[in-house]
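> Sequence plus predicted model, see below.
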Amino acid sequence: MRRKITAGVVIGSSACVALALTAPAAQASSTSSGRRVLQKAPSWVTHAHRVGAVSGGTVQHLTAVLNLRNEAGAEALAMAVSTPGNKSYGHYVTPTQWRDQFAPTNADVASVVSWLKANGFSVGSIPANHRYIDFSGSTAATQKAFGTALSTFDKNGTTVSAPTTSVSIPDGLASIVAGIQGLDTSQIQTPLHTNGATALPAAAPTTATPNGKLPGPPAVFRNAGPCSTYYGQKPATGLPQAVADPQSYAPCGYTPEQLRSAYGINRSLANGVDGRGATVAIVDAFASPTIYQDASDYAAKNDPSHPLKSYQFSQNLPASYNHVNLCGGNGWYGEETLDVEAVHATAPGANILYVGGASCLDSDLDAAVNTVVDNNLAQVISNSYGDSGEPSSQAAVAEEHQTFLQAAAQGISVLFSSGDEGDDIVATGTRQTDYPASDPMVTAVGGTSLAVTKTGGYGFEQGWGTGKSTLTSGAWSPLPPTWIYGGGGGTSTLFEQPSYQAGVVPDSIANYFGHGPMRAVPDVAMVGDPNTGFLVGERQQFPNGSVKYSEYRIGGTSLSSPLFAGVVADAVQAGQHKVGFLNPWLYQKVGSRDFRDVNHQGVTDAVVRVDFANGVNKKDGTITSLRTLNQTQTISTGPGYDDVTGVGTPMGWAFISGLGG
């Protein structure tokens, strides 16, 4: 079954997974000149501040996204091999088999390439599955070829470019090309991690760098004390009591051993299951030059029984980078570090493949994911980035969604962080879910606040939603409830409810917007609250210019996704086979011993954290704040499925052995 989307509005339906995108040719309107409108100008350009026209000589790096052949068949195959009870369950295809059935033909690719070259473009890489064609050319050539005009805008303080008129192509190509990516440079992904000191600070390079050149290490961030080695160790005595339960100083940052113990993963290790033989691919933008050294030093210091051996880590990096300053450059190094160290924490025997995107643009990151999928490089892919809200661009959705279909058909588990801005109302002005987490062919991983006990036990979990009150003149200000960040969740406005969520997701969530049941996010969860976060270590630049290894506490659903990816890798080893697209299995197991149901309601817990005002040392003083837990805006935790923690958090060996089968 197929459904259509136009500008993010559902106008069709499906009985299966309810997300197949029709070819743009079916939606595009013909013009009198023998051309078809492929995509409209982004809606935001009508109210953003226009700076001026893009210079005609500016080089545009673009991607032509191509349509699948027999997309309905691709959808059906992806779900059939992923659904327990289906006769095709687990009978995954190879990349070659996928290409033979669904990839655009050589003739289709040749037609597009010929047209691009005839219009003055240089054609770059084309993957074996023909998902896209990279090409580049001048702005003048771009505007002429696609019948549009490009302008620069000041959008939320960032200079970006976008078309101000519709983008069109010749009628003969409209059935082949799904859209053109890269014209709108505001379509970028952001890393979903936070050190917790402020409300999701934007990651920016220490200094601007020439385009294509990566900056050095990021500026140092250090946690101040006091802090607790486990939840509740150090009571914050002498401070005003604002919640019902005792207030203690925030954990200093949980170690790999603490997280394995609390989540019951140590039992898996005792059974000889640590992810060995499985490969987890991590996709982020750019590449930290010290990543293996950092992760190796971190494991030696904090998890000496489980060193990160050189053969366990490898990289697949692009030949060059672009949009470095727009994307925050070395702000991605901490994301990469977190992802690698978190995967190794829950699957210390697994192989880790880092695949760097050439930039944070949607097209470059999807190219990195596609590299893993089309070459069958891993059994699990963890992605800790996303857009605030869902895109209206058909090209953006088609490029990523069709990659996810191929991954499912080949038995690759694709995970995405659900976001760090709760219901997105503060970030975007309207209640939304993040994309790609909302795509029904990925597993969206939400966040929790986790209490680890003195003995490494599981104390409790709550939905991650943090309030902040600062100690001012001996009192907390403002008094709770407040909100600064939290795990992403809610109801999609783009994707209809997939079959695996039917009968599990409460109607109050699925039909939140009143126009039929829709996809709900997230699917599962693990710890993400930076105030009950994970200790990481990387090389950073100190104020005196020196570069040294340093550790700090971090969180975000960027932590949740790689932790869960490690758990999935453990299941791959336990079963000695791929476990594929997870969601149909996950929703069949709701209420079973495989999950802990996170259903704590109300705000009764809080931690106190002390931060250096300058993020480095006491020179400029410290700031004491109360961080209240379980403040989740219009989304909430509750019994069964909820839109903060999904079906719950994995129950150690029960989950791993159950998923492994």
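On my side now, so go ahead.

> what about T46, neighbour count?
For T46, the count of nearby residues is 9 (other Cβ atoms under 10 Å). In short, each C-beta sits where N, CA and C put it, glycine included.

> now swap in T645 and tell me
37.

> And N271, by the same measure?
N271 has 13 neighbours, counted by other Cβ under 10 Å.

> what's the spacing between it and S657?
Applying Cβ to Cβ, to the nearest Å, the value for N271 to S657 is 8 Å.

> got it, and A398?
For A398 relative to S657 (Cβ to Cβ), the value is 37 Å.

> who has more neighbours, the two?
Comparing A398 with S657 by other Cβ under 10 Å, the one with more neighbours is A398, at 26 against 18.

> Leaving out chain neighbours, which residue sits closest to the more buried one?
A178 (4.1 Å; Cβ to Cβ, 6 or more residues apart in numbering).

> Could you report the neighbour count for that neighbour?
A178 has 30 neighbouring residues, counting by other Cβ under 10 Å.

> and it, that's in a strand?
Yes: according to DSSP: H, G, I helix; E, B strand; the rest coil, A178 belongs to a strand.

> Tell me how far it lies from D434.
Applying Cβ to Cβ, the value for A178 to D434 is 22 Å.

> ditto for N325
24 Å.

> Which one's more surrounded, those two?
Set N325 next to D434 and count neighbours by other Cβ under 10 Å: D434 wins out with 32 against 17.

> what comes up buried for the helix or strand hosting V397?
Secondary structure from DSSP states H and E places V397 in helix 394-410. Under the neighbour-count criterion of 16 or more other Cβ atoms under 10 Å, helix 394-410 has 394-410 buried.

> what does stretch 145-165 give?
Neighbour-count burial for stretch 145-165, counted by 16+ other Cβ under 10 Å, picks out 145-148, 150-153, 155, 160-165.

> cool, and stretch 460-477?
For stretch 460-477, burial by neighbour count (16+ other Cβ under 10 Å) applies to 460-469, 471, 476.

> Then stretch 261-274?
Residues of stretch 261-274 classed as buried by neighbour count (16+ other Cβ under 10 Å): 261-269, 273-274.

> now, among those, which is nearest to L629?
Among those, A262 lies closest to L629 (Cβ to Cβ), at 16.0 Å.

> what's the most distant pair in the buried residues of stretch 460-477?
The widest separation within those (Cβ to Cβ) is 26.8 Å, between E461 and L471.

> How about S82, nearest residue that isn't a chain neighbour?
F581 is the one closest to S82 (Cβ to Cβ, 6+ apart), at 3.9 Å.

> elements contacting the lengthiest helix in the chain?
Counting residues, the longest helix found in the chain (DSSP state H) is helix 557-575. Helix 557-575 sits against strand 279-285, helix 333-346, strand 380-383, strand 413-417, strand 443-452, strand 524-527, helix 652-660, with contacts defined as 3 or more Cβ pairs under 8 Å, 6 or more residues apart in numbering; DSSP states H and E.

> Give me the angle between the helix holding V397 and strand 413-417.
Angle, helix 394-410 to strand 413-417, by axes from the mean of the first three to the mean of the last three Cα atoms, to 10 degrees: 140 degrees.

> hey, C-alpha coordinates of helix 394-410 in PDB?
Written as PDB, here are the backbone C-alpha positions of helix 394-410 (Å, rounded to 0.1, in the frame of the first residue of the first chain):
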ATOM      1  CA  GLN A 394      10.000  15.100  -0.100                       C
ATOM      2  CA  ALA A 395      13.700  14.800  -1.200                       C
ATOM      3  CA  ALA A 396      14.900  14.800   2.400                       C
ATOM      4  CA  VAL A 397      12.500  12.100   3.500                       C
ATOM      5  CA  ALA A 398      12.800  10.000   0.300                       C
ATOM      6  CA  GLU A 399      16.600   9.900   0.500                       C
ATOM      7  CA  GLU A 400      16.700   8.700   4.100                       C
ATOM      8  CA  HIS A 401      13.600   6.500   4.200                       C
ATOM      9  CA  GLN A 402      14.600   4.500   1.200                       C
ATOM     10  CA  THR A 403      18.000   3.800   2.800                       C
ATOM     11  CA  PHE A 404      16.200   2.600   5.900                       C
ATOM     12  CA  LEU A 405      14.100   0.200   3.800                       C
ATOM     13  CA  GLN A 406      17.200  -1.400   2.300                       C
ATOM     14  CA  ALA A 407      18.700  -1.700   5.800                       C
ATOM     15  CA  ALA A 408      15.600  -3.500   7.100                       C
ATOM     16  CA  ALA A 409      15.500  -5.800   4.100                       C
ATOM     17  CA  GLN A 410      19.200  -6.700   4.700                       C
END
